[in-house]
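Asks: Structure for this input, please:
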Amino acid sequence: MKKASLFKRFLPYYKKYTRTLIFDLFCAALTTVCELILPLIVRKITNMAADSQTMTVRFVLAVGGIYLALRLVDAAAYYYMASAGHIMGTKIETDMRRDMFSHLQKLSFNFYDSTKIGSIMSRITSDLFDVTEFAHHCPEEFFIAFVKIIVSFIILCAVDIPLTLIIFAVIPPMLFILIKLNHRLRQGFRDQRKKVAELNSQVEDSLLGIRVVKSFTGENTEKEKFEEGNSGFFKIKSHVYKYMGQFQSTTRLFEGILYIVVVVAGALFMIYDRIDAGDLVAYLLYVTTLLNSIKKIVEFSEQFQRGMTGIERFYEIIDEIPDITDSPNSKDIGDIEGNIEFCGVDFSYNEDERKVLSNINLKIPAGSNAALVGPSGGGKTTMCSLIPRFYDIDSGSIKIDGHDIREYTVSSLRRKIGVVQQDVYLFSGSVRDNIEYGKPGASDEEIENAARLAGAHDFITELPDGYDTYVGERGVKLSGGQKQRISIARVFLKNPPILILDEATSALDNESEKIVKESLDRLSKGRTTLTVAHRLTTIKNADKIIVVTAEGIAEQGTHEELISRGGEYAALYKTYTE
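Replies: The predicted structure is shown next:
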């Protein structure tokens, strides 16, 4: 993105804090004026001394008093800039982080399937940290530099126009070269950010899988992977510092050129009586002021580039268009019976990939228990993911009670569907928090009742703090069966008319599976249930068994009907029970 368009998009974040920004710039103007007054005072005193004019104690003290008063104003103004200005930057960072997180909640599974979580974390944390300083200092530093250059130019032109033009003629080529070098610096910071995100993702992946790493004694492999990423980051950062060195050394070179131009040209102008000693001193002081301002811009340039890169990476996320959205005429789903129908459904995860599902036609009556079985990769889980619109179909339609699910708002549709998966995710918090997730604001009585129905109440009460026990990150302090029962309690609390069980017991031991299956049987009662299962003995009593293969639905019927046909299901069942 171009800087101008990027900054233009960023500007609306200042809108809420316009008063703070205006007063911050007013304070910046005050500090600038205080700084620009000093060369005029020195010029006046120098000229009075050079012309043998009488300087009284009263005059000197008056000048000193005025300047002291100005410095007090400067201190108060600078305090506001350093405190309220930084707080404004923090507020903007907070607003941006809120907007990014809100947008991330809207993005579909497709986005997360192809994006590393560590990369997202880098954007929402470290990238936006840099925006705080940028949001505060960017308008402030550029405003101060602008005021100093314009006011200095006007004052010096009043002293001698030709000498002023000679001095200021050095500034345009200086700025031109520095801007060119800045482009390379910005690209370097962009590459650095990307590498940091990749390194974060790699570290996160390694640490989240630490149990697998240790069980396979993969520590050395992980070290080698990390070393490769870490070395790559070092190389990119080294390039960045080379660009920064070029930038800063060029600045110092132009500083020297500017000083020597003032000294040489000023001395020549004094020889020809164009200016006097006080004027030359004023020129030197104003050049020092200008160079200090340029130095601050140079020092700010790294921060500026980091901030612009952070803003750019922020908008890369914001510009991601959600795949799953409500149609303009969508409505809340309301009460439903739970009839589900697939009508000529085609689906592929990406346009250039093969179709995972092709021309799927299926009816599941309300309140019935349907089981999806078949070889891995056939599309069983995919079919279940399409009903709550975790993904959108390519063609055809999926209907609930005769209405296309795209007619309903996504949130109201998903409120009617409960999902219990093989890979249970518990949030870092208490047992109570995790169950309550099914119905935010539920009473303790409702939570405990849901836990009883899920067969979880007894083991929860035996935990150190009962329902207030901290479960650890991803529920690491609980067994697989305990986590699964908590997830089932969460769905009981949600009380949806449609239930999806995606291999909910396949990762459990026999004892845990028996307890969880009893909970699932209670949960399924009176609901339209779709069960994805590899253990075929667990779905023998299903109202309908659908065999899904890579070619589509191979056959469907009850267990007895499919066994008697001797087809795909019978072969699968024979293989499983032998």
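Asks: residue ranges with poor pLDDT in the stretch 451-578 of the chain?
Replies: In the predicted model of the stretch 451-578 of the chain, residues 473-476, 505-511, 576-578 satisfy pLDDT under 70.
Asks: again, only using 80
Replies: The stretch 451-578 of the chain contains residues with pLDDT under 80 at 472-477, 480, 503-518, 520, 534-535, 537-538, 575-578.
Asks: Over to the stretch 251-400 of the chain?
Replies: Short version for the stretch 251-400 of the chain, where the test is pLDDT under 80: 251, 290-303, 305, 350-354.
Asks: mind listing the helices in it by residue range?
Replies: Under the criterion DSSP state H, counting those that start in this stretch, the stretch 251-400 of the chain contains helices at 277-318, 380-386.
Asks: Include distance to Ala77 and mean neighbour count when you put those into JSON lines, please.
Replies: (C-beta placed from N, C-alpha, C; glycine too.) Written out in JSON lines, the entries for those read as follows (distance: least, C-beta to C-beta, whole Å; neighbours: other C-beta atoms under 10 Å):
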{"stretch": "helix 277-318", "distance to Ala77": "16", "mean neighbour count": "20"}
{"stretch": "helix 380-386", "distance to Ala77": "59", "mean neighbour count": "21"}
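Asks: Columns distance to Gly429 on top of these, output as TSV?
Replies: Converted to TSV, these look like this (distance: least, C-beta to C-beta, whole Å):
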stretch	distance to Gly429
helix 277-318	26
helix 380-386	26
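Asks: how about those, which one is nearest Lys194?
Replies: Using C-beta to C-beta as the measure, helix 277-318 is the one of those that comes nearest Lys194, at 8.5 Å.
Asks: Mind giving me the packing neighbours of the closest one?
Replies: helix 3-10, helix 18-50, helix 57-106, helix 128-159, helix 161-168, helix 171-208, helix 219-271 (3 or more C-beta pairs under 8 Å, 6 or more residues apart in numbering; DSSP states H and E).
Asks: between the ones you listed, which has the poorest average model confidence?
Replies: Mean pLDDT values for the helices and strands packed on helix 277-318 show the minimum at helix 171-208, a mean of 78.
Asks: so what secondary structure elements neighbour that one?
Replies: Under the contact criterion of 3+ C-beta pairs under 8 Å, 6+ apart, helix 171-208 touches helix 117-122, helix 219-271, helix 277-318.
Asks: Find the nearest non-adjacent residue to the residue nearest the centre of the chain, please.
Replies: The centre of the chain sits closest to Ile124, judged by C-alpha atoms, centre = their mean, with a distance of 3.1 Å. With C-beta to C-beta, 6 or more residues apart in numbering as the criterion, Ile124 has its nearest non-adjacent residue at 5.4 Å, and that residue is Met100.
Asks: so how far is Val131 from the one you found?
Replies: Separation of Met100 from Val131 (C-beta to C-beta, to the nearest Å): 11 Å.
Asks: Who has more neighbours out of the two?
Replies: In terms of neighbours (other C-beta atoms under 10 Å), Val131 is the more surrounded of Met100 and Val131; the figures are 26 against 20.
Asks: how far away is that one from Lys16?
Replies: Here the criterion is C-beta to C-beta. By it, Val131 lies 15 Å from Lys16.
Asks: for Ser108, same thing?
Replies: Taken as C-beta to C-beta, the span from Ser108 to Lys16 is 30 Å.
Asks: and the two? which has more neighbours close in?
Replies: Set Ser108 next to Lys16 and count neighbours by other C-beta under 10 Å: Ser108 wins out with 18 against 13.
Asks: Overlap in contacts, Met100 and Val131.
Replies: When contacts are counted by C-beta atoms under 8 Å, 6 or more residues apart in numbering, Met100 and Val131 are jointly contacted by Phe314.
Asks: Just confirm the residue nearest to the centre of the chain is within a strand.
Replies: No: using DSSP: H, G, I helix; E, B strand; the rest coil, the secondary structure at Ile124 is helix, not a strand.
Asks: Surely it touches Ser102?
Replies: No: proximity of Ile124 to Ser102 does not meet the contact threshold set by C-beta atoms under 8 Å, at 11.1 Å.
Asks: Name all residues that make contact with the nearest residue to Tyr349 once chain neighbours are set aside.
Replies: Excluding the flanking residues, the one nearest Tyr349 by C-beta to C-beta, 6+ apart is Val356, at 6.5 Å. Contacts for Val356 were tallied using C-beta under 8 Å, 6+ apart; they are 347-349, 379, 382.
Asks: Need the phi and psi values for Val356.
Replies: Per-residue torsions, Val356: phi -80, psi -40 (degrees, to the nearest 10).
Asks: from the contacts of Val356, which single one is nearest Pro162?
Replies: Tyr349 (71.0 Å).
Asks: Assign a three-state SS to Leu523, would you?
Replies: Put simply, Leu523 is helix when judged by three-state DSSP.
Asks: for stretch 543-561, how far is the first residue from the last?
Replies: 11 Å (C-alpha to C-alpha, to the nearest Å).
Asks: Nearest to Ala550, out of the helices and strands packed on helix 171-208?
Replies: Closest to Ala550 of the helices and strands packed on helix 171-208 is helix 117-122 (C-beta to C-beta; 30.0 Å).
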